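S.K.: the following comprises the amino acid sequence and a computationally predicted model.
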Amino acid sequence: MKPISTAPFFIAACTLIFSNTELRGQNVDQIAKASIIAGIEQFEQGESGADSLFALGESHSQLAPIAAYNRGRSMLEQEEGMAEARQAFQRAISSTDDKSLAADAWYNTANSLMLEQDLEGAIEAYKSALRANPKHDAARFNLAQALRMQQDQQDQQDQQDQPQQVEGQISKEDMEKILESLERSEEEIQAKLRKAKGKGQKVKIEKDW
């Protein structure tokens, strides 16, 4: 199951903070801020290197969580960057009080795990996204899909674990039925013998096997 979507970059949040926050270490923060903006523009244009610009943005005194999130988001586009993307998302989660940002970071973490066929890890990450933001519909949808896939895998495993019957071999259940039938037939024969003996008659008993 391919995740329905990845969460977007935090562009509006950057613009809001840029216009209303006075920063210490102004030169460092200005460079970091410019790197975040350049990274977003570069990614939207389909150019490579956006993750490196967001890495520079993580030096910002207040926007580091957003830069870390955007770095992880950009690295999801690289097949070899999944593990590093998750590390960036975790940096964003651990350094922000923004529930929306944390939820999207968990959501994208889960998506990356789904792409790597780690259902158990993805399920837990989707749950974390919903704990941060119970209204995260995409996380709820993907969680349901992941749980369904997990159940399907369990059902398949249960079927494989069941003993397979060899062609021409009598199953245990069929063998029990045959033995029960033989026992009943034997009891009927013995009853007839006892009855005939009681009357002093010789009775020829034919078995039905």
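M.R.: It's in. Keep in mind the model is a prediction, meaning the values are calculated, not measured.
S.K.: any weak-confidence spans in the protein?
M.R.: In the prediction, the chain carries residues with pLDDT under 70 at positions 1-25, 163-170, 172, 175, 178, 189, 192-193, 195-209.
S.K.: most centrally placed residue in it?
M.R.: When the chain is reduced to its mean C-alpha position, the closest residue under Cα atoms, centre = their mean turns out to be Leu119, at 2.6 Å.
S.K.: dump the residue contacts of that residue.
M.R.: Leu119 makes contact with Leu113, Ala146, Met149, Gln150, Gln153, according to Cβ atoms under 8 Å, 6 or more residues apart in numbering. Yep, even glycine has a C-beta here, placed from its N, CA and C like the rest.
S.K.: now the two most distant members of these.
M.R.: Comparing all pairs in those by Cβ to Cβ, the longest separation belongs to Leu113 and Gln153, at 14.8 Å.
S.K.: between those two, who's got more neighbours?
M.R.: When Leu113 and Gln153 are compared on other Cβ atoms under 10 Å, the one with more neighbours turns out to be Leu113, at 22 against 11.
S.K.: the more buried one is in what secondary structure piece?
M.R.: Assigned by DSSP states H and E, Leu113 belongs to helix 99-115.
S.K.: next secondary structure after that helix?
M.R.: Past helix 99-115, heading to the C-terminal end, the next element that is a helix or strand (DSSP H and E) is helix 119-132.
S.K.: counting contacts, what elements does the next helix or strand along the chain from that following helix pack onto?
M.R.: Remark: after helix 119-132, the chain's next helix or strand is helix 137-161, criterion DSSP H and E. Judged by 3 or more Cβ pairs under 8 Å, 6 or more residues apart in numbering; DSSP states H and E, helix 137-161 is in contact with helix 99-115, helix 119-132.
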